[in-house]
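K.L.:
quick one, structure for this:
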Amino acid sequence: MAATKQSWLDDKAQTPLIDGYVQTLGTFVDAMADGRIDDRELKDQEQRLVGVLKEVEPTLNDTQHAQVTKLLCELTAYNVKQTLNSLQSARPKTKFRG
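P.N.:
Numbers count the residues shown, from 1 in each chain. The predicted structure follows:
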């Protein structure tokens with residue numbers, strides 16, 4: 001990620017910009033290239049996440065830690081809901097009648 005501060009929100013639309021930033025991560029783009037995520041790619045992502053958590057967590061005071069914890073939980077919930085919504089929207093609307 002860039003050293004300059006990137007806004008987390010689109011001020012006009014009041015929507016998160018994080019997804020757009022994710023799509024510029026080389027490791028994400030490489031993993032998504034074949035349209036599937038294998039166990040190794042998921043494990044590698046987990047290791048990168050753990051590394052960043054270990055780097056950032058000790059730099060936060062108690063108030064910041066609580067705020068960032070809440071932020072991470074809300075972001076994770078949003079991502080799961082967004083993924084499920086996309087999957088549900090992609091399902092055929094009619095039932096198969098064989």
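
K.L.:
show me where this structure has strands.
P.N.:
Secondary structure of the chain (DSSP state E): strands located at 9-10, 15-16.

K.L.:
count of residues packed around L60?
P.N.:
13 (other CB atoms under 10 Å). Every residue, glycine included, has its C-beta placed from N, CA and C.

K.L.:
equivalent analysis for L75, please.
P.N.:
L75 has 13 nearby residues by other CB under 10 Å.

K.L.:
contact partners for it?
P.N.:
For L75, the contact set (CB atoms under 8 Å, 6 or more residues apart in numbering) comprises P16, I18.

K.L.:
so what pLDDT did it get?
P.N.:
We have a pLDDT of 94 for L75.

K.L.:
same question, G51
P.N.:
For G51, pLDDT reads 97.

K.L.:
again, but for G98
P.N.:
On the pLDDT scale, G98 gets 69.

K.L.:
how about the strands of the chain in TSV, adding mean pLDDT?
P.N.:
Shown next, in TSV, are these (pLDDT from 0 to 100):
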stretch	mean pLDDT
strand 9-10	92
strand 15-16	91
